[in-house]
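> sequence first, predicted coordinates after that:
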Amino acid sequence: MNTISTNVFPNTCSNAKVKKLKRVQDVYALEVKNARYRGTTFSGVLELTNGSDSIRKFKGFYRANAKLAWFGQELKKRNPFINLTGAEVTLLPCYTGNVVASLG
């Protein structure tokens, strides 16, 4: 018998919003305005996975590897790459405060 998973979430969603924040202390973070992920544009502070090494140029575009859930689901294989093209970006090397934990 096949069962239908209740953990279905869209691959892309143009109207996803910030759904959850979490409190962090002394992390390497990035404040973004008009960054993009999976078809949605959002603003907020993101915790980076590996400090400044989390920001990379890929096929001519800058991306940031962040700790972020999508519709409540954390990706198992790798963290999301946030598209920084056209975004306002501020590096926050020792950030304490709320970060975006989930979009959905």
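Nice, thanks for sending it over.
> do you know how far Glu31 is from Lys17?
Distance of Glu31 to Lys17, given as C-beta to C-beta, to the nearest Å: 17 Å. To be clear about C-beta, it is placed using only N, CA and C from the backbone, and glycine gets the same treatment.
> next: Val32.
For Val32 relative to Lys17 (C-beta to C-beta), the value is 14 Å.
> who's Tyr62 bridged to?
Per DSSP bridges, the residues bridged to Tyr62 are Lys57.
> my guess is it contacts Arg56. True?
Yes: contact criterion C-beta atoms under 8 Å: Tyr62 and Arg56 qualify, at 7.2 Å.
> mind listing what Ala87 touches?
Counting by C-beta atoms under 8 Å, 6 or more residues apart in numbering, Ala87 touches 32-36.
> any idea of the pLDDT on the residue lying closest to Ser14 once chain neighbours are set aside?
Using C-beta to C-beta, 6 or more residues apart in numbering and skipping residues adjacent in sequence, the residue nearest Ser14 is Gly39, 4.9 Å away. Gly39 carries a pLDDT value of 95.
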